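Chemist: Structure, please.
(one chain, ligands or ions: 1)
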Amino acid sequence: MTKIIDGKKISIEIKEEIRLEVEKIIKNGKRAPGLAVIIVGENPASKVYVNSKVKTCNALGIYSEKYILDSEISEIDLLELVEKLNNKDEIDGILVQLPLPKHIDEDKVIEAIKPNKDVDGFHPINLGKLVIGKDGFKSCTPYGIMELLKRYEIDLNGKDVVIVGRSNIVGKPLSIMLTNENATVTLCHSRTKKLSEKTLNADIVIVAIGKEKFLTKDMVKDGSIVIDVGINRNKLGKLCGDVDYENVSKKTSFITPVPGGVGPMTIGMLMKNTVKSRMEKI
Ligand code: NAP
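Modeler: Here you go, the predicted model:
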């Protein structure tokens, strides 16, 4: 029978560890870690994400500042705010909620964040550090997946891992993290030929593409481990991932559900990065 990887449970454990860490920092007479969250425009999904980040900060004793900016804000004004926060002592982490409106260059904004406050791990300096195996901030979603694998004691040494989806925020950084842990990684995308042959041979399949029921049971081998990163809404408006969970889970040894798998981990890792940033200054 497959074992369900319970991201909800693990994320609660991580958040409790962080809360205790923050408590210790404050007991030692130091200021609490601080996170600034910037949102531009009225995207409802982004608003939900930002509010839940602020709520989590409050619950863990992390100081937070929320900036809700008009969708018409100029790129220069946004960059100015980022610069102000770069220089603000109380702020250890800066997060700009993506996507940004079309008139703003996302890369420019990401690159304007000081690498030592880039708790989202999207800055080229942090991605570069990841590639050469140096300590930096890791992107939260792939970092969360690595943490899940670690806490479920899944050995990555020499394992064949297939990742489907090569985005800069999930697939690519995850491929490096897994390689750094001695897995052999095949990174697939929409131009990959004979995808099923690849997934069928994999010990671990990780899907991050955003298509409901994309990974079917004929695409995985018996006993494999499946990690579902996708967040979709099905016809009934219910949250679902990229994996045909009901059927694929009959063949796997471990599997993440959606919701309750990878999703809850992302915010936990953001908090972990914020505390890491604070600790580096103590
Ligand atoms: P993205 O930027 O939209 O990229 C999608 C990737 O999937 C691309 O690399 C694309 O290939 C590939 N792809 C699309 N159709 C494919 C197909 N038929 N066969 C093989 N590859 C295909 O993706 P993302 O931002 O990483 O998000 C992916 C999913 O993860 C979404 O559902 C998103 O909501 C979810 N997500 C979840 C979290 C979380 O916290 N749980 C965080 C981030 C994202 P090409 O590069 O060739 O176009």
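Chemist: so what's the residue nearest the centre of the chain closest to, chain neighbours aside?
Modeler: Nearest to the geometric centre of the chain sits Thr141, at 1.5 Å (Cα atoms, centre = their mean). What sits nearest to Thr141 in space, not counting adjacent residues and going by Cβ to Cβ, 6 or more residues apart in numbering, is Thr266, at 4.9 Å. No exception for glycine: its C-beta is placed from N, CA and C like everyone else's.
Chemist: before we move on, what about Met271?
Modeler: Per Cβ to Cβ, 6+ apart, closest to Met271 is Ile18, 5.0 Å.
Chemist: and that neighbour, how many neighbours?
Modeler: 23 (other Cβ atoms under 10 Å).
Chemist: right, and it touches Lys272 too?
Modeler: Yes. The pair Ile18 and Lys272 qualifies as a contact (Cβ atoms under 8 Å) at a distance of 6.1 Å.
Chemist: What parts of the stretch 151-282 of the chain come near the ligand?
Modeler: 164-167, 169-171, 188-192, 208-211, 229-232, 262-263, 266 (Cβ under 6 Å from any ligand atom).
Chemist: of those residues, buried ones?
Modeler: For these, a burial check counting by 16 or more other Cβ atoms under 10 Å picks out 164-167, 169-171, 188, 208-209, 229-232, 262-263, 266.
Chemist: Now do the phi/psi pair for Val161.
Modeler: phi -120, psi 130 (degrees, to the nearest 10).
Chemist: quick one: secondary structure of Val258?
Modeler: Judged by DSSP: H, G, I helix; E, B strand; the rest coil, the three-state class of Val258 is coil.
Chemist: Could you count how many residues lie near it?
Modeler: 21.
Chemist: again, but for Gly223
Modeler: 11.
Chemist: who's in contact with it?
Modeler: 251-253 (Cβ atoms under 8 Å, 6 or more residues apart in numbering).
Chemist: let's see it at 10 Å
Modeler: 2, 203, 251-254 (Cβ atoms under 10 Å, 6 or more residues apart in numbering).
Chemist: Run the contact check for the helix ranked longest in the chain versus the ligand.
Modeler: Longest helix in the chain by number of residues (criterion: DSSP state H): helix 7-27. No. Figure legend: helix 7-27 not in contact with the ligand (Cβ under 6 Å from any ligand atom); closest approach 8.7 Å.
Chemist: likewise stretch 88-99?
Modeler: No. Using Cβ under 6 Å from any ligand atom, stretch 88-99 stays clear of the ligand, with a minimum separation of 9.2 Å.
Chemist: can you give me the offset of that stretch from its chain's centre?
Modeler: Centroid displacement of stretch 88-99 relative to its chain, using Cα atoms, centre = their mean, to the nearest Å, is 16 Å.
Chemist: Show me which positions of it end up buried.
Modeler: Judged by neighbour count using 16+ other Cβ under 10 Å, the buried positions of stretch 88-99 are 91-98.
Chemist: Where do the domain boundaries of this structure fall?
Modeler: 29-114, 140-263 (automatic domain parsing).
Chemist: Over the shortest one, what's the mean pLDDT, rounded is fine.
Modeler: So that's domain 29-114. The average pLDDT within domain 29-114 is 97.
Chemist: Quote the end-to-end distance of that domain.
Modeler: 26 Å (Cα to Cα, to the nearest Å).
Chemist: Repeat that for stretch 18-37.
Modeler: Across stretch 18-37, first to last residue, Cα to Cα, it's 19 Å.
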